[in-house]
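S.K.: Kindly generate the corresponding structure for this input.
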Amino acid sequence: MKNKLLFLATLPMALSMASCAKNNTVEFDYIFTAQPVVSATNSEVFKNVQDAFNEKSGGKLLTQASVFIRNGYDLNKATAFLLDLASDITTGIANPALIKTSIEAVGSVAEQQNKFGVPGAMAAKVTTANNGFSLGYNLAYSIKDDISSFVNLLTGNKFGIVPEEAYFVPSIDLAAIAAADFSDARILAPTGAPSVALYGHATEENFTTTTNPQEGLIPQFKTDNYDVIIAPTQGGLTQIVKQSAEYKIAATITYGNFYIISTGRDDDGIINKGDKVLIFQENDVPGKVFKYVYGDLELDITAVNTVSDTKVIIENNGVLVK
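M.R.: I've put the predicted structure just below:
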C-alpha cells in the first residue's frame, strides 16, 4: 500500500517531466536541406527546389554561385581558364568517375572532406544522381536577366540593375587564348558544389577553399590575393557594385542544390499551412530561396545554422531536441 501511495504521489511529477521532455522536441514534417546531405542520409527527395524556383520565377535560373575574375588578371589567361572550366564541368557531369578520381588525388578521405566539403566518392554519387549539385556553365553576360532577377529576389528588389561594366567579356583572340598558360591563376572557392566544379584543379597549390564564405571568402574581394573567386552570385556582385571591388562576374557554375525531404508525418503529403518545416541558413541564400518559393504558405518554420545541422536531424528521424 505504501509503495502504491508513493507511486501515486510521484505520478504528477513524472507526467510533468514527460510533458517537459516532449515540449523540448520538435517533430518535423519536412526538412529543407542540400546535397550531399540527401545522398549521405540515403533520403528520398520529396521536392526539387530548383524546379519549384524555376516555376515560380517564370523560368528564371537559380544562379547560386558564380566565377569572379580580378580586373588585373590577364584577359587571355582568364578566358582560357573559363573555357577549361566549362569543359571540366561538362565532362564531369557526363563522367562522375573523373570527379571522384580527381578529388581522391588530394589524399585521405579526411583531406578530401577538408578541401571540398565532400569526399570524392560522395561527390561522384551526388553527380550521378541527376547532377545533384546542379553544376553547369553559362557566361554571365549571356544570362544577365537571370542574374539580375536572382540578386534582386535575394535583396527584396533593392539591388537594382547590374551595370554592364560588372560583367566580364572574354577575349576573342583565339591564338592568344590557345597559347595562354593559366596555371598561375590563384583560385578561391567555398567548399561544396562550387569547389566540386573545380575538381580539375584539386591538387594545384594555387587552389584554395574555405568552409566559411562570409569570413574566409567575401573579404578577399577587397584584396588582390586571388585572380579567380568563386562566390555566391549576390555576395560577389554586392562587392563589385556596392563596394567597388576590382572584379567582374564571368560565369555562373552552380544552380542550386536544395531539396526537401519528407519525414512521413504529414497526413496529406502536401506542404501547406501549419506544417512543421526545418530550414537552414535562414538569412543567407538557402533560407531566402526557400522563403521565396514557400514563404506564402504560413508554414511553422524552425531554422538551424548549417546544412550539417539538418543532417543530424534527418538521422534522428526528423526530430530536433532543443
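S.K.: quick one: the strands in this protein?
M.R.: 25-27, 30-34, 45-48, 65-70, 135-139, 187-190, 207-210, 228-232, 247-254, 258-262, 276-280, 300-304, 319-321 (DSSP state E).
S.K.: chain center to the second one: distance?
M.R.: Read it as strand 30-34. Centre-to-centre, strand 30-34 and its host chain are 12 Å apart (C-alpha atoms, centre = their mean, to the nearest Å).
S.K.: Contact partners for Ile253?
M.R.: Ile253 sits next to Ala65, Ser66, Val67, Leu85, Ile89, Leu135, Gly136, Tyr137, Pro194, Ala197, Ile230 when contact means C-beta atoms under 8 Å, 6 or more residues apart in numbering. For glycine as for every other residue, the C-beta is placed from the backbone atoms N, C-alpha and C.
S.K.: Now distance to Ser262 and pLDDT too, for the residues you listed, in CSV please.
M.R.: Converted to CSV, the contacts of Ile253 look like this (distance: C-beta to C-beta, whole Å; pLDDT from 0 to 100):
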residue, distance to Ser262, pLDDT
Ala65, 27, 96
Ser66, 32, 97
Val67, 35, 98
Leu85, 36, 98
Ile89, 31, 98
Leu135, 26, 98
Gly136, 27, 97
Tyr137, 32, 98
Pro194, 28, 95
Ala197, 29, 98
Ile230, 32, 97
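S.K.: could you dump those to JSON lines with distance to Ser244 and neighbour count?
M.R.: Compiled in JSON lines, the contacts of Ile253 are given as follows (distance: C-beta to C-beta, whole Å; neighbours: other C-beta atoms under 10 Å):
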{"residue": "Ala65", "distance to Ser244": "22", "neighbour count": "27"}
{"residue": "Ser66", "distance to Ser244": "18", "neighbour count": "26"}
{"residue": "Val67", "distance to Ser244": "19", "neighbour count": "30"}
{"residue": "Leu85", "distance to Ser244": "26", "neighbour count": "23"}
{"residue": "Ile89", "distance to Ser244": "30", "neighbour count": "23"}
{"residue": "Leu135", "distance to Ser244": "31", "neighbour count": "24"}
{"residue": "Gly136", "distance to Ser244": "29", "neighbour count": "18"}
{"residue": "Tyr137", "distance to Ser244": "27", "neighbour count": "20"}
{"residue": "Pro194", "distance to Ser244": "24", "neighbour count": "26"}
{"residue": "Ala197", "distance to Ser244": "27", "neighbour count": "25"}
{"residue": "Ile230", "distance to Ser244": "20", "neighbour count": "26"}
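S.K.: Understood, closing this out.
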